[in-house]
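*Asks:* I would like to see how this sequence folds:
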Amino acid sequence: MSKTDSIFSLPAGETGGRERFMNRTPRAPWLFYIIMIAGVIGMMIFTGELLCRIAGVGRPNLTLTGPKQLYISDPDPQIAFRMRPHYSDFVYGARVSINSKGLRDDERPYDKPDGARRILVLGDSVAFGYGVRMEDAFSKQWEDALHETHKSAWEIINSGVPAYTTVQEVRWFEAEGLRCQPDAVVVAYVMNDPEEIHPLRSDGLLDQIEIDAFYRKMAELIPPPIMPLTRYSRLSKFMNRWLIHAHPNWKILHEELTRYFCRDIFEQEGWEKCQDAFLRLRDLCREKNIFLLTAIYPLMYRLHEREEHSFTPHYERVEQFLEQAGIQHATPLDDFIGQPVDEMRAYADDPHPSRKSHRIFARRLHHEFAKRWSEYARDEKTASAEIP
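*Replies:* Below you'll find the predicted structure:
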């Protein structure tokens, strides 16, 4: 008897059973393969999602909250609105707490402590720290670095307000900022600062103005998502960004924004008002013996090479005006060239700067002050402080 026969031999009288055994086929082998493949795919998706969360990519954009009652109206039409004192909520992508003076800053008295020096930062959402924690804003990182070097008497006050224009910043400084007794003022300028002021509606939201129609048109050009669940899955959101990268609308969007910020914005009435505000600030700082520096915060966009960054003509136009007006200025674009854009943004879908970007800007401001202002350079420990 062969080995095969011995294996399949059945007791006498059960030859029919043998035939049934020999003719029997495995039960649904395809089901096993489907389950195995689904398991492998599920594990790959889970691993990809985990890696995206660890690496911080594909984060959902949490800045689209709206102001959520952050603002209160101001009777001065050149200020229009301020931030609500003692406000606290998650707004614009981060936890926000406002002090008794309506600033996102530490609680400080108006009167300067004996022996202290104060630097007051004027600005909009960038100076405010849109999308990052208060301690991550460049003003706070700068101040903390000075205090770590030695128990510095320097105070750096953040008066940035989201949606403010240069006109509002300067008018607030005239009405309120001078009460802080600053020794120096930094204007953190960004490209939309020459636009007109947004009035505040009775429901606490900013009213629409003419330029908002342009921004709505730009928003409509953004390609819709291809991947599902982009609101919930970081892996899906990360993959979607690459899949829509080649969409022709991006080129149109880029060209429209470049044309607006490098040409059209300077043909609007808001640019004239912006220049007038800068001249008033210059004259007031000279009268009060306050050091003034305007720092142009470049847009976190196309930072691989300087030639690729299309908004340089805007910065140069503003620099030309500041130079003619005798206002000291700095544009740290080269400090950001070569940095990964996603690392420079608080959220990948929003160009507001990240903690790392704020740190680079703080480092440049520190070096500019040490180079340009004798009162700052006179303190050797302050001037030699390092912002890593």
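*Asks:* Report the rounded mean pLDDT for the top helix by length along the chain.
*Replies:* Counting residues, the longest helix in the chain under DSSP state H turns out to be helix 29-55. In this model, helix 29-55 has an average pLDDT of 84.
*Asks:* Stretch 266-273 now?
*Replies:* 97.
*Asks:* Could you do stretch 100-110 as well?
*Replies:* For stretch 100-110, the per-residue pLDDT averages 97.
*Asks:* With only the CA atoms kept, save that stretch in PDB.
*Replies:* Output in PDB follows, covering the C-alpha atoms of stretch 100-110 (Å, rounded to 0.1, in the frame of the first residue of the first chain):
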ATOM      1  CA  SER A 100      -7.200  94.200  32.200                       C
ATOM      2  CA  LYS A 101      -5.800  96.700  29.600                       C
ATOM      3  CA  GLY A 102      -7.200  94.700  26.600                       C
ATOM      4  CA  LEU A 103      -3.800  93.200  25.600                       C
ATOM      5  CA  ARG A 104      -2.700  89.600  25.200                       C
ATOM      6  CA  ASP A 105       0.200  90.200  27.600                       C
ATOM      7  CA  ASP A 106       1.100  89.800  31.300                       C
ATOM      8  CA  GLU A 107      -0.700  92.100  33.700                       C
ATOM      9  CA  ARG A 108       1.500  95.200  34.100                       C
ATOM     10  CA  PRO A 109       0.900  98.600  35.600                       C
ATOM     11  CA  TYR A 110       0.900 101.700  33.300                       C
END
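*Asks:* How about the longest helix of the chain, which residues are buried there?
*Replies:* Buried residues in helix 29-55, counting neighbours by 16 or more other C-beta atoms under 10 Å, are found at 48-49, 52. Quick note: C-beta positions are derived from backbone N, CA and C, even for glycine.
*Asks:* All the strands of the chain, residue numbers only.
*Replies:* 71-73, 81-83, 88-91, 94-97, 117-123, 154-158, 184-189, 291-296, 329-330, 345-347, 350-353 (DSSP state E).
*Asks:* Counting by contacts, list what the first one packs against.
*Replies:* Just to be clear, that refers to strand 71-73. Applying 3 or more C-beta pairs under 8 Å, 6 or more residues apart in numbering; DSSP states H and E, one finds that strand 71-73 contacts strand 81-83.
*Asks:* which neighbours does the strand it packs on have in its sheet, and in what orientation?
*Replies:* strand 71-73 (antiparallel) (DSSP bridges).
*Asks:* For the partner strand, what is the distance to the chain centroid?
*Replies:* Remark: strand 71-73 is offset 23 Å from the chain centroid, using C-alpha atoms, centre = their mean, to the nearest Å.
*Asks:* same question, stretch 77-89
*Replies:* 20 Å.
*Asks:* what does stretch 112-127 give?
*Replies:* Distance, centroid of stretch 112-127 to centroid of chain: 21 Å (C-alpha atoms, centre = their mean).
*Asks:* next one: stretch 125-136
*Replies:* 8 Å.
*Asks:* before we move on, the earlier item: can you redo the strands of the chain as a markdown table with distance to K251?
*Replies:* Output for the strands of the chain, formatted as a markdown table (distance: least, C-beta to C-beta, whole Å):
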| stretch | distance to K251 |
| --- | --- |
| strand 71-73 | 36 |
| strand 81-83 | 36 |
| strand 88-91 | 33 |
| strand 94-97 | 32 |
| strand 117-123 | 31 |
| strand 154-158 | 37 |
| strand 184-189 | 28 |
| strand 291-296 | 26 |
| strand 329-330 | 32 |
| strand 345-347 | 21 |
| strand 350-353 | 18 |
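*Asks:* Would you mind saying which of the ones you listed lies nearest M36?
*Replies:* Proximity to M36 (C-beta to C-beta) singles out strand 345-347 among these, at 37.9 Å.
*Asks:* How much space separates Q268 from L253?
*Replies:* Distance, Q268 to L253, by C-beta to C-beta, to the nearest Å: 20 Å.
*Asks:* got any ranges where this protein has weak pLDDT?
*Replies:* In the predicted model, the chain carries pLDDT under 70 at residues 1-28, 150-151, 383.
*Asks:* Now for T230: which residues touch it?
*Replies:* If you count contacts by C-beta atoms under 8 Å, 6 or more residues apart in numbering, T230 has them with 236-237, 240.
*Asks:* What is the burial count for P75?
*Replies:* 6 (other C-beta atoms under 10 Å).
*Asks:* Isn't P225 up against I244?
*Replies:* Yes: with contacts counted by C-beta atoms under 8 Å, P225 reaches I244, the gap being 7.4 Å.
*Asks:* overlap in contacts of the two?
*Replies:* Between them, P225 and I244 share no contacting residue, judged by C-beta under 8 Å, 6+ apart.
*Asks:* sorry, back to before: from the contact counts, what lies against the longest helix of the chain?
*Replies:* Using 3+ C-beta pairs under 8 Å, 6+ apart: helix 29-55 touches helix 234-243.
*Asks:* buried set for the helix it packs on?
*Replies:* For helix 234-243, by 16+ other C-beta under 10 Å, it's 234-241.
*Asks:* again, but for stretch 265-273
*Replies:* Quick answer for stretch 265-273 (16+ other C-beta under 10 Å): 265-266, 268, 270-271, 273.
*Asks:* so which of those comes closest to R117?
*Replies:* Looking across those and measuring by C-beta to C-beta, the closest to R117 is K273, at 31.4 Å.
*Asks:* That closest one against V167, yeah?
*Replies:* Yes: with contact defined as C-beta under 8 Å, K273 reaches V167; the gap is 5.1 Å.
*Asks:* For A94, give me its contacts.
*Replies:* 62, 129-134, 346 are the contacts of A94 under C-beta under 8 Å, 6+ apart.
*Asks:* do the same with W250
*Replies:* When contacts are counted by C-beta under 8 Å, 6+ apart, W250 is found next to 223, 244.
*Asks:* surely K68 meets V91?
*Replies:* Yes: between K68 and V91 there is a contact at 4.8 Å, judged by C-beta under 8 Å.
*Asks:* Of those two, which one has the most company?
*Replies:* Neighbours were counted for K68 and for V91 using other C-beta under 10 Å; V91 has more, 19 against 14.
*Asks:* Thank you, goodbye.
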